[in-house]
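Asker: how would this look folded up:
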Amino acid sequence: MSSPPFIHIDEFDGTHGFVKTKAFVNYTIDLRSHTPQQKVMLGNTDRGEVERPCVVFNDDITLDEGCGYVFGGFDNQWDAGEEIQLKLAQGAWIRKIYDPDDQ
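Answerer: Residues are numbered from 1 along each chain as shown. Sure, this is the predicted structure:
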């Protein structure tokens, strides 16, 4: 089984399928709903001031503000909101690579 392609968050366009990327959680967005469980805004200053929403449907994943992660998820286009996002659903995974509380 080959690993998913790595793309940067500024390269998301809704067509890459399951991908690997890395970014920081800039802030969380209050959804006032149970599905999805969490929505956050990702950023990567290495790529400029680009931000990309990330929507978490997987019950096993919780993202913390200010932390950096490597993600395995879907380059997703949400047509209703005309939004390109990282979607973390079944089969998605995360690995925390930075936590400001560990400093």
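Asker: surely residue 54 meets residue 36?
Answerer: No. In this structure residue 54 lies outside contact range of residue 36 using C-beta atoms under 8 Å: 9.8 Å. For the C-beta atoms, the positions are set from N, CA and C on the backbone; glycine is no exception.
Asker: neighbour-wise, which of those two wins?
Answerer: Neighbour count, other C-beta atoms under 10 Å: between residue 54 and residue 36, residue 54 has more, with 29 against 15.
Asker: tell me the contacts of that one?
Answerer: Contact analysis of residue 54 by C-beta atoms under 8 Å, 6 or more residues apart in numbering lists 23, 25, 39-42, 63, 71, 73, 85-88.
Asker: got a winner among the residues you listed for most neighbours?
Answerer: Using other C-beta under 10 Å as the neighbour criterion, residue 88 leads the contacts of residue 54 with 27 neighbours.
Asker: Hmm, that one is touching residue 94, no?
Answerer: Yes. Shown here, residue 88 and residue 94 form a contact pair, counting by C-beta under 8 Å, at 7.2 Å.
Asker: what is in contact with the two at once?
Answerer: 61, 71.
Asker: Return the set of buried residues in the lengthiest strand in the chain.
Answerer: Identified as the longest strand of the chain according to DSSP state E is strand 17-29. Under the neighbour-count criterion of 16 or more other C-beta atoms under 10 Å, strand 17-29 has 19, 21, 22, 23, 24, 25 buried.
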